[in-house]
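S.K.: Model the following, please.
(one chain, ligands or ions: 1)
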Amino acid sequence: MAMMSDNISQDMPVVGRFAPSPTGPMHFGTLVAALGSYLMARQAGGTWRVRIEDLDPPRVVPGAADQMLFLLEALGLTWDGPVVCQSQRFERYREVLDLLRAKDLLFDCNCSRREVLASAPHRGEDGPVYPGTCRTGMRGRRAETAVRLRVANRTLSFVDVIFGPRTQNLETELGDFVLHRADGEFAYQLAVVVDDMDAGITQVVRGADLLASTPRQIYLYECLGAALPYYYHLPLALSASGEKLSKRDGPALIVTRENGAQLMWQVLRFLGQNPPDELRRSQPRELLDWALAHFSCGAVPAENRCFSPKP
Ligand code: GLU
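M.R.: Numbering: from 1, shown residues only. Alright, predicted model coming up:
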């Protein structure tokens, strides 16, 4: 059984990060991840890096990344080092794929979605479980080929600092997963691990929608022989209908220079903190100073919750 604590050292300097996808304007959910990761890294006296996850060109909205960086600065969330863009790192992802292939951990797969669905033993948390169809040679009918990572049939366990212990058997609950997609793009699972590993990230703080991806990422770390970060998943803000809150849920959720500090106050409440009422209309700096002095990770609730913005 792999325990996350096996190969992490508590004495390492903390390196946190915020890794937004520039697929639209910054909104409440993005600010939860930005502020949460910033506060946890800075409270530990660590560094905080920013990476733009512009891996999937059709989903990237022009100007969104610049707007996010502008807002982070305006809100006092200043980062260390250069901003990394995934679109500039394709050579590196290719290199890591070659390395995994040399370890005989990859195989090509030309199964279509329909074929995977038809052959899956059952549906997993993240779609049909891939049953290893092309492990010993391609058996699908699609013209394009994806590259999958061969997973192991064993229970992988880790402890999320906020959500607690989790386990998953990658083979029976998910199957060999894609690292290079049939459309030619690198998969998020690969890019995020390579980027976090290369940047020496020790603290991954992000939305709980990525809890389900974490075992895959831990497995990749193991395949690459790299030290694991600590994982802190933050509760997701949900709309009244129970969906992950997004910019579609109303303009009041979109972060601007004008409403940013007020939304930060609401993010702190959402994260179980108790910022004083008189800071509701204060400048971002004052609010951040309060948060740096008072933020308590133990007070962050380990459940996704409805949120509706208050004027
Ligand atoms: N880019 C992802 C997002 O914006 C976050 C990925 C991560 O933090 O690992 O939801």
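
S.K.: any idea how far residue 51 lies from the ligand?
M.R.: 8 Å (C-beta to the nearest ligand atom, to the nearest Å). C-beta: built from backbone N, CA, C; applies to glycine.

S.K.: Let me know how buried that residue is, in neighbour terms.
M.R.: For residue 51, the tally of surrounding residues (other C-beta atoms under 10 Å) stands at 22.

S.K.: That one in helix, strand or coil?
M.R.: What DSSP: H, G, I helix; E, B strand; the rest coil gives for residue 51 is strand.

S.K.: From what I see, it and residue 82 are in contact.
M.R.: No. Under the criterion of C-beta atoms under 8 Å, residue 51 is not in contact with residue 82, lying 9.9 Å apart.

S.K.: how about the strands of the stretch 101-250 of the chain, start to end?
M.R.: For the stretch 101-250 of the chain, the strands defined by DSSP state E, counting those that start in this stretch cover 106-109, 123-124, 127-128, 146-149, 155-160, 164-169, 177-180, 203-207, 230-234, 237-238.

S.K.: Show me what the third one pairs with in its sheet, parallel or antiparallel.
M.R.: It refers to strand 127-128. Within its sheet, and counting by DSSP bridges, strand 127-128 is paired with strand 123-124 (antiparallel).

S.K.: Quick check: which ranges of the stretch 1-150 of the chain have low pLDDT?
M.R.: Where the stretch 1-150 of the chain drops to pLDDT under 70, the residues are 1-11.

S.K.: where does it come near the ligand, residue by residue?
M.R.: Residues of the stretch 1-150 of the chain that fall close to the ligand, judged by C-beta under 6 Å from any ligand atom: 19-21, 53.

S.K.: Most widely separated two among these?
M.R.: For those, the maximum inter-member distance is 7.9 Å, found between 19 and 21 (C-beta to C-beta).

S.K.: Tell me which of these two has more neighbours.
M.R.: residue 19 (24 against 19).

S.K.: Could you list which residues are in contact with that one?
M.R.: Residues near residue 19 by C-beta atoms under 8 Å, 6 or more residues apart in numbering: 50-53, 192, 195, 206.

S.K.: which residues touch residue 276?
M.R.: Taking C-beta under 8 Å, 6+ apart, we find residue 276 in contact with residue 290.

S.K.: do the same with residue 31
M.R.: Residues near residue 31 by C-beta under 8 Å, 6+ apart: 255, 260, 263-264, 267.

S.K.: Go through these and single out the one with the most neighbours.
M.R.: residue 267 (27 neighbours).
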